[in-house]
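[1] mind folding the following:
(2 chains)
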Amino acid sequence: KNEVEQSPQNLTAQEGEFITINCSYSVGISALHWLQQHPGGGIVSLFMLSSGKKKHGRLIATINIQEKHSSLHITASHPRDSAVYICAVRWGGQRVQGAQKLVFGQGTRLTINP
Amino acid sequence: DAGVTQSPTHLIKTRGQQVTLRCSPKSGHDTVSWYQQALGQGPQFIFQYYEEEERQRGNFPDRFSGHQFPNYSSELNVNALLLGDSALYLCASSPQGGERRTDTQYFGPGTRLTVL
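    This next block holds a predicted model:
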């Protein structure tokens, strides 16, 4: 079982639909990242959360620390939102010098059709 | 202000060869992490460099090694290449040792390695 699980793995929707992507993790974390990866590979960091909710434009990310669960929502989806969305967590375990490593989910491939 | 840069963008090698990939972190960042992303999978942590030393390592064999230079740039070396090493190799940088909870990682565009 992966330490970070995303669902769904693939999602196809029509332009304008409300999109939800889910992420569950198995142990305590210090932070959770939502990342966007377009074809060709470049990764863009969308959000970093340790509690509550963050909003940027049409994107909303929430996290429930007790339930070890986070969601990424896209309102009024658009074809340019088509990408792979990846959840990554930074474990809350022992501190080491340097940044704590990220553990990634397998990604959710989102396709928005016009 | 340049973001994270990686070179080369694409590389084709044959089994048994050795490869070196390069990463320059975002200005002001001193910590570099390397990840391997196989096709259709999420990235897997390889190792991380801070203050020119390997600080953390994922579950990768010793064929994978690295280096960080005084200017914080980093190299990833892979020896005795296998077909399974074909992947996108991503570099990410973060500032000030990345110990603060508010620090995020900035990713480079990646190097796509194909092993034939």
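[2] ranges for the strands of chain A?
    Ranges of strands in chain A, per DSSP state E, are A:4-7, A:10-14, A:19-25, A:29-37, A:43-49, A:52-56, A:59-64, A:69-74, A:83-91, A:102-104, A:108-113.
[3] so which of those strands gets nearest residue B:109?
    Nearest to residue B:109 among the strands of chain A is strand A:43-49 (8.5 Å), distances taken as Cβ to Cβ. (Each C-beta comes from the backbone N, C-alpha and C, glycine too.)
[4] who does the nearest residue to residue B:107 once chain neighbours are set aside bridge with?
    Of all residues beyond its chain neighbours, the one nearest residue B:107 is residue A:43 (3.8 Å), with distances taken as Cβ to Cβ, 6 or more residues apart in numbering or on different chains. Listed beta-bridge partners, residue A:43: residue A:37 (assigned using DSSP bridges).
[5] can I assume residue B:95 is in contact with residue B:50?
    No. No contact is recorded between residue B:95 and residue B:50 when judged using Cβ atoms under 8 Å, the distance being 10.9 Å.
[6] for those two, indicate the residue with more neighbours.
    Under the criterion of other Cβ atoms under 10 Å in any protein chain shown, the comparison of residue B:95 against residue B:50 puts residue B:50 first, with 23 against 19.
[7] doesn't residue A:35 make contact with the residue nearest to residue B:107?
    Yes. Checked against Cβ under 8 Å, the pair residue A:43 and residue A:35 is within contact range at 5.2 Å.
[8] shared neighbours of these two, anything?
    Common neighbours of residue A:43 and residue A:35, counting by Cβ atoms under 8 Å, 6 or more residues apart in numbering or on different chains, are A:86, B:107.
[9] flag the shaky bits of chain B, pLDDT-wise.
    When the per-residue scores of chain B are filtered using pLDDT under 70, the ranges that remain are B:1-2, B:96-103.
[10] interface residues of it facing chain A?
    B:31, B:33, B:35, B:37, B:40-45, B:48-51, B:55-56, B:58, B:88, B:90, B:92, B:94, B:97-99, B:101-110, B:112 (Cβ under 8 Å from any Cβ of the partner chain).
[11] again, 7 Å this time
    Remark: the part of chain B in contact with chain A comprises B:31, B:33, B:41-43, B:45, B:48, B:50, B:55-56, B:88, B:90, B:94, B:97-99, B:101, B:103-107, B:109-110, B:112, using Cβ under 7 Å from any Cβ of the partner chain.
[12] buried subset of those, written for ChimeraX?
    Applied in ChimeraX, the following selects the buried portion of those according to 16 or more other Cβ atoms under 10 Å in any protein chain shown:
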select /B:31,33,42,43,45,48,50,55,56,88,90,94,97,98,99,103,104,105,106,107,109,110,112
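[13] kindly provide the distance from residue A:68 to residue A:49.
    Between residue A:68 and residue A:49 the computed distance is 13 Å (Cβ to Cβ, to the nearest Å).
[14] per-residue confidence for residue A:71?
    Per-residue confidence for residue A:71 comes out at a pLDDT of 98.
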